[in-house]
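Q: With the sequence up front, the predicted model follows.
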Amino acid sequence: MNSRLALALLAALFSTAVPAREAAAIRIVQTSAAVAADPDHPAWDAAPASVVKLETAFPGHPSISGTALTQNAEVRALSTAAGLAIRLEWSDPVADDRKTQHRFADGAAIQFPRDGKPETTPYMGGAGRHVNIWYWNAAKNAAENLWADGFGTLTHMPTQDVKASGRHADGNWRVAFFRAWRSNEPRAAGLRGNRPAAFAIWNGANAERDGFKAVTLNWQRLQQAK
Amino acid sequence: MTQRQLAMVIDLNKCIGCQTCTLACKSQWTDRNGRDFMYWNHVETKPGKGYPRDWEQAGGGWEAGGDKLKPGRLPRLAEDYGIPADFSFEATLFQEGGEPLRPTEAMQWGPNWEEDQGTGEFPNGHFFYLPRLCNHCTQPACLAACPRQAISKREEDGIVLIDQERCRGYRYCVAACPYKKIYFNPLAGRSEKCIFCYPRIEKGIPQACAYQCVGRARHVSYLDDKAGAAWRLVHEWKVALPLHPEHGTQPNVYYVPPLSTSTFDAAGKPTGTPRIPDDYLVSLFGPAVQPALETLRREIAKKEKGEASELMDMLIAYKHGDMFRLDRLGEQKP
């Protein structure tokens, strides 16, 4: 048993907040197609699906309570000439694509540590180690580029250069994100090479919003195909 | 506790339900950009379900002890607020046929849906008007409920504001407010509320709802200003009371409770029992409502006998300008 596994088992024994989970490796497959943020582009068929396990996020504030519904998502990644495309696919029988006074919209997000290092906490980052978050919301069906350095600090970036588009069919959401390799936003995460990434899904019908969400509790690994 | 607290006192014996305050607010702040359904200030008829419908059963506020928020639910547009319907002006005013003016879509509820309904059987039916707005509470449940610290309470006047840059429309504040006076704007994706007309207040001008009140029912002053109506009516005369104090938020809009005429017995003789039951007023304003009503009756009796009553003179408000004392610290008149 290696020391990391031992630590993980120890953590699982003494902590319910952060159970040990093997990080999924998500292979980034190169494509010559201009996939951009098209969730139905045929090029996605060439990318292997990695299933990431999701659990209810640590709430972080007394207002946030409940059990998030989504338990896993399939992640695919494509490396194109222009940039990186990532597609999330998950089961949700009903598309909540409107925000009304009492309803919430479905959502999805991908989080990267700005410095590309897994030592940055995946729980919205921390002081001096901020995270870059790509957030898609079904009500707008568009991406928002965000950064955070701890609970309650999520902030809209001045540069909005992330694209996202989702489609709901047969009880599943497919949402594709895309960003060019280079960003003019100083707080944006770099995308080249192997990268930690974390994922979150919100089910609007369950009033999931903010920190009430299903997340990968640990960083997952985006790996460039050899 | 902030350095100062601006407070409003609304005399329910003088409110005639004309909705001038409602329209003064609406035309100033909420007639556009997704706010059409919102009434930061409205006047509802009590007893009644109010606006949003059944807000008194929608939860929110603090548990006894004041360290934990009670759960609350989010009102719905059509069923609880009412859709901001268009009306058939074109057909009524410009076409033949004598069509009466009606909403062009079926409405289920609205901000003044139960106007003048009240309760009770003839000849003992009763109702009164209750103007409502954000209470700019001393212990705001909305502020505590926001995980993003998007809600703040200003030191200089205690006005509670939602930072529109920080708000992301999560609506914990809407659920937490026991008065349901925060509204989610679906167009903006953010929550909004009464701002106590702070841009006017900063210039020494009263809130639009208070200044436009034709019944001279609304007084505004800082609670620490002992020459101001708020301090005098709340602390000196103890006739102005917060609405639903049991929620623990310590509201800063206070109400002079309504007196009512006597009920009649089966023989048509007055019984001496007020038509608005004391129990109902206690359920709204707490047990302090009874001594407050006694004080009001006593002072009215003085006036009826031609004696002086400082309290009645203040509530009558002979001079409109006397109802408002908005001088900032260091600028106060004696």
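A: Nice, thanks for sending it over.
Q: now the strands: where do they sit in the stretch 1-150 of chain B?
A: B:6-11, B:42-46, B:128-132 (DSSP state E, counting those that start in this stretch).
Q: looking at those strands, which is closest to B:M107?
A: strand B:42-46 (15.3 Å; CB to CB). C-beta: built from backbone N, CA, C; applies to glycine.
Q: tell me the angle the closest one makes with strand B:128-132.
A: Calculated by axes from the mean of the first three to the mean of the last three CA atoms, to 10 degrees, strand B:42-46 forms an angle of 150 degrees with strand B:128-132.
Q: quick one: secondary structure of A:A77?
A: Three-state assignment for A:A77 (DSSP: H, G, I helix; E, B strand; the rest coil): strand.
Q: wait, it sits on A:L222?
A: Yes - the pair A:A77 / A:L222 is scored as a contact, 5.8 Å apart, by CB atoms under 8 Å.
Q: Just give the number of residues close to the residue lying closest to A:Y123 once chain neighbours are set aside.
A: Closest residue to A:Y123 apart from its sequence neighbours, by CB to CB, 6 or more residues apart in numbering or on different chains: A:F58 at 6.3 Å. By other CB atoms under 10 Å in any protein chain shown, 15 other residues sit near A:F58.
Q: any idea how far A:V215 is from A:F58?
A: 9 Å (CB to CB, to the nearest Å).
Q: Tell me how many other residues crowd the closest residue to B:A78 other than its chain neighbours.
A: Nearest residue to B:A78, sequence neighbours excluded (CB to CB, 6+ apart): B:Q108, at 5.2 Å. The number of residues packed near B:Q108 is 14, by other CB under 10 Å.
Q: Am I right that B:Q108 is in contact with B:R76?
A: No - with contacts counted by CB under 8 Å, B:Q108 stays clear of B:R76, the gap being 9.3 Å.
Q: and the nearest residue to B:F264 once chain neighbours are set aside, what does it touch?
A: Leaving aside its sequence neighbours, B:F264 sits nearest to B:P123 (CB to CB, 6+ apart; 4.9 Å). B:P123 sits next to B:263-264, B:268 when contact means CB atoms under 8 Å, 6 or more residues apart in numbering or on different chains.
Q: Could you check how far B:P123 is from A:G126?
A: Look at B:P123 and A:G126: by CB to CB, they are 70 Å apart.
Q: same deal with A:T153?
A: 10 Å.
Q: same check, this time on B:L293
A: For B:L293 relative to A:G126 (CB to CB), the value is 57 Å.
Q: and those two? which has more neighbours close in?
A: B:L293 (21 against 16).
Q: Pull the number of nearby residues for the residue nearest to that one when sequence neighbours are not counted.
A: Excluding the flanking residues, the one nearest B:L293 by CB to CB, 6+ apart is B:P257, at 5.9 Å. The number of residues packed near B:P257 is 24, by other CB under 10 Å.
Q: quick one: A:I133 and A:T153 touch, right?
A: No - between A:I133 and A:T153 there is no contact under CB under 8 Å: 10.9 Å.
Q: Which one of those two is surrounded by more residues?
A: A:I133 (23 against 18).
Q: who does whichever strand or helix holds that one touch, helix- and strand-wise?
A: Assessed by DSSP states H and E, A:I133 sits inside strand A:131-137. Counting contacts by 3 or more CB pairs under 8 Å, 6 or more residues apart in numbering or on different chains; DSSP states H and E, strand A:131-137 is packed against strand A:107-113, strand A:142-148, strand A:162-169, strand A:172-180.
Q: Wait, a helix at A:A85?
A: No - per three-state DSSP, A:A85 lies outside any helix segment and is strand.
Q: separation between it and chain B?
A: 26 Å (CB to the nearest CB, to the nearest Å).
Q: B:G72: what's it in contact with?
A: B:58-61, B:174-178.
Q: Widest-spaced pair of the residues you listed?
A: Farthest pair in the contacts of B:G72, by CB to CB: B:G61 and B:V174, 12.9 Å.
Q: Tell me which of those two has more neighbours.
A: For B:G61 and B:V174, the more surrounded residue by other CB under 10 Å is B:V174, and the numbers stand at 26 against 21.
Q: before we move on, which element is A:G190 in?
A: Per DSSP H and E: nothing holds A:G190, as it lies in no helix or strand.
Q: Number of residues surrounding it?
A: So A:G190, with other CB under 10 Å, has 14 neighbours.
Q: quick one, phi psi at the residue lying closest to it once chain neighbours are set aside?
A: Spatial nearest neighbour of A:G190, excluding adjacent residues (CB to CB, 6+ apart): A:G116 at 5.9 Å. Backbone torsions of A:G116, given as degrees, to the nearest 10, read phi 70, psi 10.
Q: check contacts around A:G116.
A: Taking CB under 8 Å, 6+ apart, we find A:G116 in contact with A:189-190, A:193, A:195-196.
Q: Please pick the buried ones from those.
A: Among the contacts of A:G116, those scoring as buried are A:189, A:195-196 (criterion: 16 or more other CB atoms under 10 Å in any protein chain shown).
Q: Closest to chain B out of those?
A: A:A189 (20.9 Å; CB to the nearest CB).
Q: give me every residue that touches the closest residue to that closest one other than its chain neighbours.
A: Leaving aside its chain neighbours, A:A189 sits nearest to A:F112 (3.6 Å; criterion: CB to CB, 6+ apart). Contacts for A:F112 (CB under 8 Å, 6+ apart) come out as A:131-133, A:189, A:191, A:195-197.
Q: how near is A:F112 to chain B?
A: Distance from A:F112 to chain B, counting by CB to the nearest CB: 20 Å.
Q: That residue bridge partners, please.
A: A:N132 (DSSP bridges).
Q: returning to what we had before: of the strands of the stretch 1-150 of chain B, which stretch is the most buried?
A: strand B:6-11 (a mean of 27; mean count of other CB atoms under 10 Å in any protein chain shown).
Q: which bits of chain A sit near chain B?
A: By CB under 8 Å from any CB of the partner chain, the residues of chain A that approach chain B are A:60-64, A:98-102, A:139, A:151-152, A:154, A:209-211.
Q: Does A:A188 touch A:N132 like I think?
A: Yes - contact criterion CB under 8 Å: A:A188 and A:N132 qualify, at 5.4 Å.
Q: can you count the residues close to B:K305?
A: Neighbours of B:K305 under the rule other CB under 10 Å: 8.
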